[in-house]
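Asks: model the structure of this input:
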Amino acid sequence: MASSAAKTGVELATFGAGCFWGTEKFFRKQFGNNLLSAMVGYMGGASKTTYEDVCTGTTNHAEVLQVSYDPSKVVYADLVRFFFRMHDPTTLNRQGNDRGTQYRSVIFTHTNEQQKTAEQVRDEVQASGKVKGQIVTQIQPADGLQFFKAEQYHQKYLEENPGGYCNHRLYY
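Replies: Numbers count the residues shown, from 1 in each chain. Predicted coordinates for the structure are as follows:
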């Protein structure tokens, strides 16, 4: 994995933390204009997909948030720390009432440095005692995997539908 920051000054980070509506809402609230973009979509499966297909649990895709950021303004480790704080990383294929592999806790890393950082932060959070139970978050390279943007009605869903369903909260 190569670093994209050396070429453009912009890096990608991709997180699956249950339903992507809440993941997007929480990251936008926490990091605001420091994110260059935030887009929900699907990652982990082999081919382009739809929300309906992902909901069957047969595509291997996770609902994810992909953000682009300037590493001189946002530190990747801070994104990862917040990821562990805004969902329950100890539940396998589940967040609240949402169940299925599409709701798994996963970090898709885009560089070797991100991989190391994500693993270090996971270990720090586990050792801190802030989470109750064993962290089951998958941390895997994004190499060979494609991000597929979700349908437009999913983008900024909770901003457009403030009373919409959200399973997320800050855990510590």
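Asks: only C-alpha atoms from now on, for both contacts and neighbour counts.
Replies: OK.
Asks: tell me the helix or strand right after the longest helix along the chain.
Replies: Longest helix in the chain, counting residues (DSSP state H): helix 112-128. Using DSSP states H and E, the helix or strand that directly follows helix 112-128 along the chain is strand 138-141.
Asks: just the residues contacting that following strand, thanks.
Replies: Strand 138-141 has contacts (Cα atoms under 8 Å, 6 or more residues apart in numbering) with 1, 105-111, 115, 118-119.
Asks: repeat that for stretch 41-58.
Replies: Outside stretch 41-58, the residues touching it (Cα under 8 Å, 6+ apart) are 20, 59-66, 100-102, 145-151.
Asks: can you give me how far it is from the chain middle?
Replies: 15 Å (Cα atoms, centre = their mean, to the nearest Å).
Asks: helices of this protein, start to end?
Replies: According to DSSP H, the helices that the chain contains are 5-8, 20-31, 51-54, 76-85, 112-128, 157-160.
Asks: could I get those helices in JSON lines, plus columns for mean neighbour count?
Replies: JSON lines is the format used below for the helices of the chain (neighbours: other Cα atoms under 10 Å):
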{"stretch": "helix 5-8", "mean neighbour count": "10"}
{"stretch": "helix 20-31", "mean neighbour count": "20"}
{"stretch": "helix 51-54", "mean neighbour count": "14"}
{"stretch": "helix 76-85", "mean neighbour count": "18"}
{"stretch": "helix 112-128", "mean neighbour count": "16"}
{"stretch": "helix 157-160", "mean neighbour count": "14"}
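Asks: how about those helices in a markdown table, adding distance to Gln95?
Replies: Below are these laid out as a markdown table (distance: least, Cα to Cα, whole Å):
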| stretch | distance to Gln95 |
| --- | --- |
| helix 5-8 | 32 |
| helix 20-31 | 11 |
| helix 51-54 | 16 |
| helix 76-85 | 13 |
| helix 112-128 | 18 |
| helix 157-160 | 17 |
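Asks: now the longest helix of the chain against helix 76-85, angle please.
Replies: Put simply, helix 112-128 runs at 40 degrees to helix 76-85, going by axes from the mean of the first three to the mean of the last three Cα atoms, to 10 degrees.
Asks: in terms of secondary structure, what does helix 112-128 contact?
Replies: Contacts defined by 3 or more Cα pairs under 8 Å, 6 or more residues apart in numbering; DSSP states H and E place helix 112-128 against helix 76-85, strand 105-109, strand 138-141.
Asks: buried residues, the second one. List them.
Replies: By 16 or more other Cα atoms under 10 Å, the buried positions in strand 105-109 come out as 105-109.
Asks: for the shortest one, same thing?
Replies: The neighbour-count check on strand 138-141 (16+ other Cα under 10 Å) flags 138-141 as buried.
Asks: great, nothing more from me.
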